[in-house]
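# Please work out how this folds:
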Amino acid sequence: MHDDRSVTEVRLKRVLDERIRPAVHPRSVPLEVGVWHAPGEPVPVTEGLAAERAPVAVGDAWGAPWGTSWFTVSGTVPADWAGSTVEAVLDLGFDDNMPGFQCEGLVYRPDGTPVKGLNPRNTWVRVAAPAAGGEQVLLHIEAASNPVVLDYHPFLPTELGDRETAGDEPQYRLARMDLAVRDETVWELVQDLEVLGELMAELSPEAPRRWEILRAVERCLDAVDLQDVGGTAAAARERLSAVLSAPAHASAHRISAVGHAHIDSAWLWPLRETVRKVARTASNMTALLEDAPEFIYAMSQAQQFAWIKEHRPEVFAKVKQAVADGRFVPVGGMWVESDTNMPGSEALARQFVHGKRFFLEEFGIETEEVWLPDSFGYSAALPQLVVQAGAKWFLTQKISWNRNNKFPHHTFWWEGLDGTRVFTHFPPIDTYNAQLSGREVAHAVRNFQEKGEATRSLAPTGWGDGGGGTTREMLARAKRLADLEGSAKVVFEKPSDFFEKAHQEYPHAPVWVGELYLELHRATLTSQARTKQGNRRSEHLLHEAELWSATAAVRAGFRYPYRTLDRLWKTVLLHQFHDILPGTSIAWVHREAADTYAAVAEELEGIIGAAQAALAGDPSAAGQVVFNAAPHARSGIAAGAAGILPPAVAVTDCTPREDGGFALDNGLLRIGVDARGLVDSAYDLVADRETIAPGRAANLLQLHQDFPNMWDAWDVDHFYRNTVTDLTDAETVEAADGAVRVVRAFGSSRVEQLLTLPPGARRLEIATEVDWHESEKFLKLAFPLDIHTDRIAAETQFGHLYRPTHTNTSWDAAKFEACQHRFVHLEEPGWGVALVNDSTYGYDVTRAADDAGTATTVRLSLLRAPRFPDPRTDQGVHRFRCALVPGAAIGDAVREGHHLNLPERRLPGDAEVAPLVSVDQDAVVVTAVKLADDGSGDVVVRLHEAHGGRVRARLTAGFPVASATRCDLLERPAAEIDTDGPHLPLSLRPFEITTLRLSRGTG
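I've put the predicted structure just below:
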């Protein structure tokens, strides 16, 4: 037989595109359309419905960027359509290839009840099924003219990312506003042919099944009268019945489809637009659930449920009923799908606390799966947090984006920092926006790496990023793929059902230890520095507000601000979403974030000030009370305590050098600053050892060209290192109040630094102010260290992890930019160096060898200047603080990192304030002291082992303790603890987290 596959395949495509699909709506009449363009920001529904309309026609332009237009469509169902299914087909000017990335709409009935959303892949609204004829149709559409920011030529700089710069040029033209008859048989024929055509294309030309489908399709097309598609569709479908009813092989892979719409809480649209996106998608999904009893839909992010509840209570009522029916499934257990690299310890824990608690309080549901399909790498702290939050499964697919190395597993146990393991699945379909196309399903089967041991995988199914969700076409595909020869078996089911079955069949899955590093999007650790600084500062202010409010509540009857702290935590958690904190959203998002962080700081400073005033004693006293919120003692003040400092006696000498530089000496360190303002020596006088590599200089600012191949705000490609400019020219190097001031200018930018060696401290503090006006550049701060080591410790949540300093393997080489929190630490046996910071996350480490030996250079990533999606990323003034700590052990790095981020506070007063709790081991770090969220007045303490070893310690409460309980993250009791009065014995594994609840007694 001749190979005529291409003839039939091309014929199928043309007949579908030009004859059969257009026949789905064989008859139509235009609707009358009126419009009101809302001025400014979106208005309440009642206002939009009531506004006076002006006539508008198909083909007319509408929609300034970020505007809202209220359309009203009206008409009458023709009498001769009686018995037919009738739909309104409402095309606002969509591009089929951009669901979620352009204009959208939400349809309302005249009484304001939402019906469903409109997007490029969902343009229909059911009017009658069947119609009686003569029905009056009146619908309103709240249409959002969101501009296309990520266009066909991606990553071009655009001013459309902020309403302040986007202009008012209309973005769209109305394309279709009709009432139409929907031919169900023709629609089903389209689904038959799409599924078979896509399956056929994935089968081997040598497979008999491919030819069986080809001939069946050929016979089907022969049966279609192209001038009477509707009249011949049933006969054409009959010719496909045999190939559609052939069952799948007994060994066929099983795919659990889960309806889903991964909705970015902000990205190429502002937060306020996400509120509407979520309402549109939820409206669509609840409507689809009513039409399709087999459908299951899962939605993550408690924040998005909360938005629906607040802004669209009528939609939330439908969601709540569908949740009760078990078909609209809350998943994830986090407040948002956050970044997991950069949030601090407590913040990442609170993502689970607030997310899980919302689902428990609103729906009575304990979410068991953590759902993070799109975050940019996954912290090694997560497994322990997942388990301590009461969950047991983890899902993502983002690691499939790795550029260098293919991850070896799809179903596995993930072991975290402390040894906790969580059962994990990466969907081999390699997308969180699956359409269940033949290509996707076949890829999932081919790609699945657990063959021979496991048989099933999960497919998040629906349009996402900008929302939209699952469509009726996707359900039709799943129905046909449920048991079809040549395909995997596809069935819609709950994520929990999938995980139970996957775990049951594969309990001894392989183990992956440590972080899940994404070999892409590394620049997210640096882009939008103000957003990152706002996050870091907010986290530490929240720590202080809780600590001092709890202390004042117990000691002075201070009113603990439960509701305010709850609200502020949720605000900070929202801004940790994986396109806000990483710096990859439009300018509007980051402009608002800066304003939000400023407001958060103002409120928290007020809370801290009021609580400390309640503790400080007589404000007219001559002395000052020093408050230490850090988890380690300093300046004679215990952790979490306050007191009067004795007079300082240590001093630092600052003396000129003959070369025009300066020497700083405090008896512990001797720092050399040359005439260029570079640190050419950092001598540890205690250890009698130099810190800076021979012939090199630290505090070296380096500027790189930074133009990645794509994803400008997201990516830094390794070739950026090929071009570097050392910024060594200095305008000023001078002594300034015992410190050294350095001023430089380069390009269109300016830097001022202050190098300070505090008396009695083994650290060189460097305050850097950059007035940044570069474009597509990357600014680093380098410290070449005379230390030979094959690994570097970087702080992460509740501990630290080690990464290689070498590039032995492709996995090592891929980590050329990585994440730290407050410190990195390098050491040889017996001596180490820490580099601590107050707001930077990205760093890199390299090795260099010469006759003097191997040196290690650590560089902090300060600033970038990508032009997409924000064309003016990071322009303006920025301030950074870091400190070099020679002779530091890992415990010193932990302590100095906290001290830099939690500076002392001073208030007039005369009081000594003992800590609410104290621990007798420096390796045990207290990350939170607060009152219990339930308002009981119990004191909650969260702590962890921070040095990486086992430890026995004793916690002492500074108040009478009636009982003590070990809890989960949500402060729910797990086990009673025996106490010895105010003393609690502790035994912790390396990096183990423990949450304690102390009920206050009397006495």
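# Contact partners for P915?
Contact partners of P915, counting by CB atoms under 8 Å, 6 or more residues apart in numbering, are 551, 638-641, 958. (Glycine included, C-beta is placed from N, CA and C.)
# State the phi and psi torsions of it.
Per-residue torsions, P915: phi -70, psi 150 (degrees, to the nearest 10).
# Roughly how far does it sit from A57?
According to CB to CB, to the nearest Å, P915 and A57 sit 72 Å apart.
# For the protein, give me the ranges with low pLDDT.
1, 852, 1003 (pLDDT under 70).
# The stretch 651-800 of the chain: strands as residue ranges?
Assigned strands in the stretch 651-800 of the chain, in chain order: 653-656, 662-665, 669-673, 679-684, 689-690, 700-705, 724-727, 732-736, 739-746, 749-756, 764-772, 777-785, 791-796, 799-804 (criterion: DSSP state E, counting those that start in this stretch).
# May I see the ones you listed arranged in CSV, with mean neighbour count and distance to N404 as well?
What follows is the strands of the stretch 651-800 of the chain, written out as CSV (neighbours: other CB atoms under 10 Å; distance: least, CB to CB, whole Å):
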stretch, mean neighbour count, distance to N404
strand 653-656, 14, 47
strand 662-665, 20, 43
strand 669-673, 24, 39
strand 679-684, 21, 34
strand 689-690, 16, 36
strand 700-705, 19, 20
strand 724-727, 15, 22
strand 732-736, 15, 42
strand 739-746, 19, 33
strand 749-756, 20, 33
strand 764-772, 20, 31
strand 777-785, 24, 20
strand 791-796, 22, 19
strand 799-804, 21, 14
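# Let me know which of those is the nearest to G40.
Set against G40 and scored by CB to CB, these come closest in strand 764-772, at 32.2 Å.
# ok, back up a step: among the contacts of P915, name the ones in helices.
T551 (DSSP state H).
# which of the contacts of P915 has the most neighbours?
Counting neighbours by other CB atoms under 10 Å, the top entry in the contacts of P915 is T551, with 29 neighbours.
# how deep is the closest residue to G667 other than its chain neighbours tucked in, by neighbour count?
For G667, ignoring the flanking residues on the chain, the nearest one in space by CB to CB, 6 or more residues apart in numbering is L685 at 6.7 Å. By the criterion of other CB under 10 Å, L685 has 15 neighbours.
# Likewise for N709?
So N709, with other CB under 10 Å, has 10 neighbours.
# hang on, it packs against H718?
No. Contact criterion CB atoms under 8 Å: N709 and H718 do not qualify, at 10.8 Å.
# Can you classify V43 by secondary structure?
Under DSSP: H, G, I helix; E, B strand; the rest coil, V43 falls in the coil class.
# residues in contact with it?
51, 68.
# Kindly provide the distance from it to P869.
Relative to P869, V43 is positioned 27 Å away (CB to CB).
# again, but for L727
28 Å.
# Over to F295?
Distance from F295 to P869, by CB to CB: 34 Å.
# Between these two, tell me which one has more neighbours.
Taking other CB under 10 Å, F295 and P869 do not tie; P869 has more neighbours (29 against 21).
# Ignoring the adjacent residues along the chain, who's closest to that one?
I586 (4.8 Å).
# who's in contact with that neighbour?
So I586 contacts 149, 160-162, 267-270, 869-870 (CB under 8 Å, 6+ apart).
# out of those, which one sits closest to V278?
Set against V278, the nearest of the contacts of I586 by CB to CB is W269 (11.5 Å).
# what number of residues lie near the closest one?
27.
# quick one: contacts for it?
W269 makes contacts with 146, 277, 466, 586, as judged by CB under 8 Å, 6+ apart.
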